[in-house]
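Enquirer: Sequence below, structure please.
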Amino acid sequence: MYYLMNKPNFLIVGVARCGTTSLFHYLSQHPELEASRVKEPKYFSNASATNRNGPGDSLINFSEIKTQEAYSRLWSSMARLKFEASSDYFYHFNETIKRIKNEIGDIPIIIALRNPKERSFSSYMNLVRDSREDLTFEQALK
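Expert: Take a look at the predicted model:
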């Protein structure tokens, strides 16, 4: 069992398009909290993520934090409370929970959710905006 030296005190997870980015930015304004230098480092889920081969996904795969050393460098050692936000941890919870407990212990996790219909369409529109989806909404749902 390996414990990271410089690690978060809590995590924010949740389905995409449910407010994790807003919460990440609101909490980062608190003087006693330090957000990770990268939002969505996906450190605990990078080994379990599959099927990321859609339009534009190569950019997403490139930005993942893959090593313990790189993950530890996401925060200064001076902050009182550190946190990060990665929605992938929610989707790949079977694998990520084990890694989180093994590497940083039993820490609090804030989970954000949203109405599934609204979230699905918002996610679709986000992918279209970023040129990561070229199907119609109906085709993408199928």
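
Enquirer: show me where this protein has strands.
Expert: 10-14, 33-35, 81-85, 109-112 (DSSP state E).

Enquirer: among the ones you listed, which is nearest residue 44?
Expert: For these, the distance to residue 44 is smallest for strand 10-14, at 8.5 Å, taking C-beta to C-beta. For every residue, glycine as well, the C-beta is placed using N, CA and C.

Enquirer: Which residues does the closest one contact?
Expert: Contacts with strand 10-14, where a contact means C-beta atoms under 8 Å, 6 or more residues apart in numbering, come from 20, 23-24, 27, 81, 83-87, 89-90, 100, 107-114.

Enquirer: Next, the angle strand 81-85 makes with it.
Expert: Put simply, strand 10-14 runs at 20 degrees to strand 81-85, going by axes from the mean of the first three to the mean of the last three C-alpha atoms, to 10 degrees.

Enquirer: Give me the below-cutoff pLDDT ranges for the protein.
Expert: Along the chain, segments meeting pLDDT under 70 span 1-4, 47-63.

Enquirer: re earlier: report the buried members of the contacts of strand 10-14.
Expert: Neighbour counting with 16 or more other C-beta atoms under 10 Å marks 20, 23-24, 27, 83-87, 89-90, 100, 109, 112, 114 as buried within these.

Enquirer: Now the two most distant members of the residues you listed.
Expert: Across the buried ones among the contacts of strand 10-14 (C-beta to C-beta), the longest gap, 22.6 Å, separates 100 and 114.

Enquirer: Tell me, how many residues neighbour residue 11?
Expert: When neighbours are defined as other C-beta atoms under 10 Å, residue 11 has 20 of them.

Enquirer: So in terms of bridging, what pairs with it?
Expert: residue 84, residue 109 (DSSP bridges).

Enquirer: would you list every one of the helices in this structure?
Expert: Secondary structure of the chain (DSSP state H): helices at 20-28, 57-62, 68-72, 88-91, 93-104, 116-129, 137-141.

Enquirer: Adding distance to residue 10, write those helices out as a markdown table.
Expert: Output for these, formatted as a markdown table (distance: least, C-beta to C-beta, whole Å):
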| stretch | distance to residue 10 |
| --- | --- |
| helix 20-28 | 9 |
| helix 57-62 | 24 |
| helix 68-72 | 15 |
| helix 88-91 | 12 |
| helix 93-104 | 10 |
| helix 116-129 | 23 |
| helix 137-141 | 33 |
